[in-house]
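Colleague: When you get a sec, could you give me coordinates for this:
(chains A and B)
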Amino acid sequence: DVKVTQSSRYLVKRTGEKVFLECVQDMDHENMFWYRQDPGLGLRLIYFSYDVKMKEKGDIPEGYSVSREKKERFSLILESASTNQTSMYLCASSFRAPGLAQYFGPGTRLLVL
Amino acid sequence: AQSVAQPEDQVNVAEGNPLTVKCTYSVSGNPYLFWYVQYPNRGLQFLLKYITGDNLVKGSYGFEAEFNKSQTSFHLKKPSALVSDSALYFCAVRAPGTYKYIFGTGTRLKVLA
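Modeller: Sure, this is the predicted structure:
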């Protein structure tokens, strides 16, 4: 079974803090993704990576950065957390071939006070 | 621009009745289409996909979906709904030649006993 794990299920942070969200997958997937999920907006892509050290901006990259130093690990960084970054964050991974599905982690619910 | 639309925020159906959750898409070329389900406080789980071939695809938990190229639709169906099918359903599309998956805003399915 594919397993995608995220470092925390729930996080509470203060405005201005630097926040690290980590994602690890165990299926040797080339592609990894970070989304945020908000009610009525569905999933919006923040960043994705198609290889180690490679990254591409998604639809809403402002206020975020990412790091992929190893194939199995993809980190999302909130440089200076703000209240409008309160959300559910979902990590996903997939093989490079286009017809294959993504596999999702359980999500991190982040509250920024 | 590529997009996915799920026109219904919520669908209610009685247990034992057939269900349909609608999805339409706009993408250049031949799309790869997916359905995912999300249970409360969980990540998304893959249900089924259409890549090519037979327009009716079967997936997990008795779900199926029909690809209609002329109507650019990929509706999710199940012949007999269960209360346990109550969840949030997402349609997604991946355009050829891209890494990105584009998700709809989600449809909440409520199956009433």
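Colleague: for chain B, what are the nearby residues on chain A?
Modeller: Residues of chain A lying close to chain B (C-beta under 8 Å from any C-beta of the partner chain) are A:4, A:31, A:33, A:35, A:40-43, A:45, A:48, A:50, A:56, A:58, A:90, A:92, A:98-99, A:101-107, A:109. To be clear about C-beta, it is placed using only N, CA and C from the backbone, and glycine gets the same treatment.
Colleague: Which residue, other than its chain neighbours, is closest to B:Pro40?
Modeller: Closest residue to B:Pro40 apart from its sequence neighbours, by C-beta to C-beta, 6 or more residues apart in numbering or on different chains: B:Ala87 at 7.9 Å.
Colleague: Run a quick neighbour tally on that neighbour.
Modeller: Taking other C-beta atoms under 10 Å in any protein chain shown as the neighbour definition, B:Ala87 ends up with a count of 19.
Colleague: worst-scoring helix or strand of chain B, pLDDT-wise?
Modeller: In chain B, no helix or strand scores lower on mean pLDDT, DSSP states H and E than strand B:101-103, which sits at a mean of 91.
Colleague: Give the pairing partners of that one; include direction for each.
Modeller: With DSSP bridges as the test, strand B:101-103 is paired with strand B:87-94 (antiparallel).
Colleague: tell me what the longest strand seen in chain A is packed against?
Modeller: In chain A, taking DSSP state E as the definition, the longest strand is strand A:42-51. Counting contacts by 3 or more C-beta pairs under 8 Å, 6 or more residues apart in numbering or on different chains; DSSP states H and E, strand A:42-51 is packed against strand A:31-38, strand A:54-57, strand A:64-70, strand A:73-78, strand B:101-103.
Colleague: Quick check: B:Thr105 touching A:Gly40?
Modeller: Yes - at 6.3 Å, B:Thr105 and A:Gly40 qualify as touching, with contact defined as C-beta atoms under 8 Å.
Colleague: For A:Ser94, see how far away A:Val4 is.
Modeller: Between A:Val4 and A:Ser94 the distance is 10 Å, computed by C-beta to C-beta, to the nearest Å.
Colleague: Which parts of chain B are strands?
Modeller: Using DSSP E, strands in chain B cover B:3-5, B:10-14, B:19-21, B:24-26, B:32-38, B:44-50, B:56-58, B:64-68, B:73-78, B:87-94, B:101-103, B:107-112.
Colleague: Can you tell me which of these is nearest to A:Glu79?
Modeller: Smallest distance to A:Glu79 across those (C-beta to C-beta): 25.3 Å, for strand B:101-103.
Colleague: need the residues of chain B near chain A, please.
Modeller: Residues of chain B lying near chain A (C-beta under 8 Å from any C-beta): B:9, B:32, B:34, B:36, B:41-46, B:49, B:51, B:90, B:92, B:94, B:96-101, B:103-106.
Colleague: Pull out the buried members of those residues.
Modeller: B:32, B:34, B:36, B:43-46, B:49, B:51, B:90, B:92, B:94, B:99-101, B:103-106 (16 or more other C-beta atoms under 10 Å in any protein chain shown).
Colleague: ok so, going back, the inter-axis angle of the longest strand of chain A versus strand A:73-78?
Modeller: Angle, strand A:42-51 to strand A:73-78, by axes from the mean of the first three to the mean of the last three C-alpha atoms, to 10 degrees: 130 degrees.
Colleague: so what strands line up beside strand A:42-51?
Modeller: Strand A:42-51 has its sheet partners listed here by DSSP bridges as strand A:31-38 (antiparallel), strand A:54-57 (antiparallel).
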